[in-house]
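K.L.:
Provided below are the primary sequence and the corresponding predicted coordinates.
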Amino acid sequence: MKRLFLFFALIAALSGVSRISAQTGLDPDMFAKTTTGQLKAWIFFKDKGKSSAALMKPEQILSERAIKRRMLRRPQKALIEFSDLPVYEPYIEAVKSRVSRIRVVSRWLNGVSAEASLENLEAIRNFDFVLKIEPVIVGKRILPRPDEEKIHSLPKRGSTTDSLPYGESLDQLELINVPFLHQQGFYGEDVVICMLDDGFNLLYHHLAFDSLNIIATYDFIHGDEGVDDSQFKAYEGWHGTKTLSVIAGYAPGMLIGAAFKASFLLAKTEVDQSETPIEEDYWVAGIEWGEKMGADIVSSSLGYIDWYTPAQMDGKTAKTTIAAEMAVEKGVIVFNSAGNEGDDPYTNTLLAPADGEKVLAVAAVDRFGLRASFSSVGPTADGRIKPDIAAMGVYVVTADQKDSTGFNYASGTSFSCPLASGGAALLLQAFPQTTPELMAKALKETASQADFPDKYLGWGIIDLKKAYNYLDTAIVREDKTKLSHLQIFLNEPNPADEKTSFSFRVENPSDVEIRIYDITGRKVKSLGTKRYKAHRKYYEEFRTKTLASGTYIYHVLARELGTGIIYRKSGKFVVLH
């Protein structure tokens, strides 16, 4: 069940997840029902029929953007895996004849969610290609208490002396050092972010979204491309408006989003209406769609828990967590709000998929860096530290969902999550080859309490300036091994007048960059990053006639494909005119 992390309380329609076995049959009381009495069920298949990854071309399954992302961040893996293959159509057709509606088809989970009678589910369970049947997790939302959500009208504030007119949004960005990366010229260009939320009211009308770059949208509730408000869907998606504005908004003097020049995939996987059930299968469909469309980052401010016990927050049980972990394996960096369940001295209060091992769960702090009392805590059921990181989630400036020129304060881990996601987008623009694992390491090891992570804030408040420096230099390994991963040769000519040539070889396929520094350590030039094969000697020419006479240092950095390890070797040369 979704939690809108603006302190929405939820009551579960189910008390647990039923594991179905052939011996015990199906218990209808464990399944949520439609208004006509049909049961909502996951139907999982044993295989994918005659499908073969070897026979499928990547472009038949994935977008060009997704193919490039996988090649960049998962170069040693096959482009197409079993989980990417379509669900076997004859299985779907056989099930379709026994159900009233197919809700979602999941390639990754190899199954469908459907609505059917108990009698028909029993019949489907006996199909020889059916692995198991489980309930689609569903819950109902109750209205928030009046004292739990406080949104204030935004006071006017003069422009700042920073590089951009951040207005009231400066605090939330400054806490994690977003302005530093903006000053370096990083705003999120060429990074694709998939937002999973409940819709985006005023998407084409709010001034904060005037310059928003949208690649695609999809509404998984209604099965169409409309994710904004309309006469039919009026105010189903006010929460998504707010979270999107935190990462993508651009209203100078009022609100600047962390990654306002990124490109966006907007998936509507829930609705806000209190009488409407909320269901996990749409979230699974949303993240599969985002990955297929080429998302680099997923930012999700939704979560599911009441039918899952704290003991099941183990990174392996919830369907949303399983899907999130699969997205990471395919090279997507996944952020999810930790939750607004507060502290419990005896157990964790996490919301799936924040319990995923490779999902970055984001806690909330105030402008002073103090933990918000509502922010969910770990550890996971299997003892891992959660949450992972933290950002500001108290009185965050957001777009108003009902006023196309209005702005509000809002609180919740719903808003710390897009702040962290936006920060990661800036880092990814600066270092496009960063894998999900490397991004997590950079954010966590440079955060405010990296030396003493705990169950409240994990590794602490992220620091994008430190993370940037970490990715730029800290993981680089000076290659001093006997069997050299990187070998460099003397540049020629040296001294140089108009040009010189750098030469090197790599032990394994690598992305190589050559950087030039003056004697004070100031970077003068980068020759760009190119991919090179192993066991060959390569030459890179550099024109030196624009440099002043003097001594220069060059670094050759080779990022080994697959491992992500960066090796560095350095040399000196003289320019003499």
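P.N.:
Here it is on my side, so go on.

K.L.:
Buried residues in the helix or strand where Thr217 lies, which are they?
P.N.:
Here Thr217 sits within strand 213-219, counting by DSSP states H and E. Burial within strand 213-219, assessed by neighbour count using 16 or more other C-beta atoms under 10 Å, is assigned to 215-219. The way it works is simple: take the backbone N, C-alpha and C, and place the C-beta from them, glycine included.

K.L.:
Low-confidence ranges, the stretch 101-250 of the chain, go.
P.N.:
Scanning the stretch 101-250 of the chain with the threshold set as pLDDT under 70 gives 138-162, 230-236.

K.L.:
Now do the helices in it.
P.N.:
For the stretch 101-250 of the chain, the helices defined by DSSP state H, counting those that start in this stretch cover 118-125, 170-174, 178-183, 238-248.

K.L.:
Need the winner for burial among those helices.
P.N.:
helix 238-248 (a mean of 29; mean count of other C-beta atoms under 10 Å).

K.L.:
Counting by contacts, list what that helix packs against.
P.N.:
In this structure, helix 238-248 makes packing contacts with strand 192-197, strand 263-268, strand 396-399, helix 413-430, judged by 3 or more C-beta pairs under 8 Å, 6 or more residues apart in numbering; DSSP states H and E.

K.L.:
got the ones you listed as TSV, with mean neighbour count and distance to Lys358 columns?
P.N.:
Formatted as TSV, the helices and strands packed on helix 238-248 follow (neighbours: other C-beta atoms under 10 Å; distance: least, C-beta to C-beta, whole Å):
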stretch	mean neighbour count	distance to Lys358
strand 192-197	28	16
strand 263-268	26	20
strand 396-399	30	26
helix 413-430	29	14
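
K.L.:
These into TSV, with extra columns for distance to Val104?
P.N.:
Formatted as TSV, those follow (distance: least, C-beta to C-beta, whole Å):
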stretch	distance to Val104
strand 192-197	14
strand 263-268	12
strand 396-399	30
helix 413-430	24
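
K.L.:
To Phe374, which of the ones you listed lies closest?
P.N.:
Nearest of the helices and strands packed on helix 238-248 to Phe374, taken as C-beta to C-beta: helix 413-430 at 7.8 Å.

K.L.:
Phi first, then psi, for the closest residue to Ser376 other than its chain neighbours.
P.N.:
Leaving aside its sequence neighbours, Ser376 sits nearest to Gly339 (C-beta to C-beta, 6 or more residues apart in numbering; 3.3 Å). Backbone torsions for Gly339, taken as degrees, to the nearest 10, come to phi 130, psi 160.

K.L.:
mind checking pLDDT for Gly339?
P.N.:
Looking at Gly339, its pLDDT is 88.

K.L.:
What ranges does the stretch 301-450 of the chain have for its strands?
P.N.:
Along the stretch 301-450 of the chain, counting by DSSP state E, counting those that start in this stretch, strands occupy 333-337, 360-365, 389-392, 396-399, 407-410.

K.L.:
sorry, back to before: identify whichever of the helices and strands packed on helix 238-248 lies nearest to Tyr468.
P.N.:
helix 413-430 (6.2 Å).

K.L.:
Now do the closest one against helix 238-248, angle only.
P.N.:
Going by axes from the mean of the first three to the mean of the last three C-alpha atoms, to 10 degrees, helix 413-430 is angled at 30 degrees with respect to helix 238-248.

K.L.:
and helix 413-430, how far from the chain's centre?
P.N.:
Chain-centre distance of helix 413-430: 9 Å, with C-alpha atoms, centre = their mean, to the nearest Å.

K.L.:
between it and strand 333-337, how many degrees?
P.N.:
160 degrees.

K.L.:
hang on, the earlier thing: and the buried residues of strand 213-219, which is closest to Phe264?
P.N.:
Ile215 (6.5 Å).

K.L.:
so who does that closest one touch?
P.N.:
192, 263-265, 293-294 (C-beta atoms under 8 Å, 6 or more residues apart in numbering).

K.L.:
now Arg65
P.N.:
192, 293-294.

K.L.:
Looking at the helices and strands packed on helix 238-248, spot the one closest to Met326.
P.N.:
Of the helices and strands packed on helix 238-248, nearest to Met326 by C-beta to C-beta is strand 192-197, at 14.1 Å.

K.L.:
centre of the chain versus that closest one, how much separation?
P.N.:
Worked out by C-alpha atoms, centre = their mean, strand 192-197 lies 8 Å from the chain centre.

K.L.:
got the CA coordinates for it in PDB?
P.N.:
Taking C-alpha atoms only, strand 192-197 is exported to PDB below (Å, rounded to 0.1, in the frame of the first residue of the first chain):
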ATOM      1  CA  VAL A 192      16.800  10.900 -17.500                       C
ATOM      2  CA  ILE A 193      14.800  10.700 -14.300                       C
ATOM      3  CA  CYS A 194      11.700   8.500 -13.900                       C
ATOM      4  CA  MET A 195       9.200   9.800 -11.300                       C
ATOM      5  CA  LEU A 196       6.800   7.300  -9.800                       C
ATOM      6  CA  ASP A 197       4.000   9.100  -8.000                       C
END
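
K.L.:
how much does that strand deviate in direction from strand 333-337?
P.N.:
Using the same axes, to 10 degrees, strand 192-197 lies at 30 degrees relative to strand 333-337.

K.L.:
what's strand 192-197 in contact with?
P.N.:
With C-beta under 8 Å, 6+ apart, strand 192-197 has contacts from 65, 215, 237, 239-240, 243-244, 247-248, 259, 262-270, 283, 286-287, 289-291, 293-302, 332, 418, 421-422, 425.

K.L.:
picking that back up, for Glu498, find the nearest of the helices of the stretch 101-250 of the chain.
P.N.:
Between the helices of the stretch 101-250 of the chain, helix 178-183 lies closest to Glu498; by C-beta to C-beta that is 34.1 Å.

K.L.:
quick one: low-confidence ranges for the stretch 401-550 of the chain?
P.N.:
473-484.

K.L.:
repeat that with 50
P.N.:
474-475, 477-482 (pLDDT under 50).

K.L.:
A helix includes Leu490, no?
P.N.:
No - the assignment for Leu490 is strand, going by DSSP: H, G, I helix; E, B strand; the rest coil, so no helix is present there.

K.L.:
Pretty sure it sits against Gly571.
P.N.:
Yes - in this structure, Leu490 is within contact of Gly571 by C-beta atoms under 8 Å, at 7.3 Å.

K.L.:
now stretch 215-226, how far from the chain's geometric center?
P.N.:
19 Å.

K.L.:
Span of it from start to end?
P.N.:
13 Å (C-alpha to C-alpha, to the nearest Å).

K.L.:
picking that back up, can you put the buried residues of strand 213-219 in JSON lines and add distance to Lys50?
P.N.:
Below are the buried residues of strand 213-219 laid out as JSON lines (distance: C-beta to C-beta, whole Å):
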{"residue": "Ile215", "distance to Lys50": "33"}
{"residue": "Ala216", "distance to Lys50": "31"}
{"residue": "Thr217", "distance to Lys50": "34"}
{"residue": "Tyr218", "distance to Lys50": "29"}
{"residue": "Asp219", "distance to Lys50": "33"}
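
K.L.:
okay, now the residue nearest to Ser376: neighbour count?
P.N.:
32 (other C-beta atoms under 10 Å).

K.L.:
Walk me through the domains of this structure.
P.N.:
The record assigns the chain these domain ranges, following automatic domain parsing: 13-141, 167-212+242-267+281-474, 478-575.

K.L.:
what's the most buried one of the ones you listed?
P.N.:
It is domain 167-212+242-267+281-474: most buried of the domains of the chain by mean count of other C-beta under 10 Å, with a mean of 23.

K.L.:
what's the spacing between that domain and its chain's center?
P.N.:
On C-alpha atoms, centre = their mean, the centre of domain 167-212+242-267+281-474 falls 7 Å from the chain's centre.
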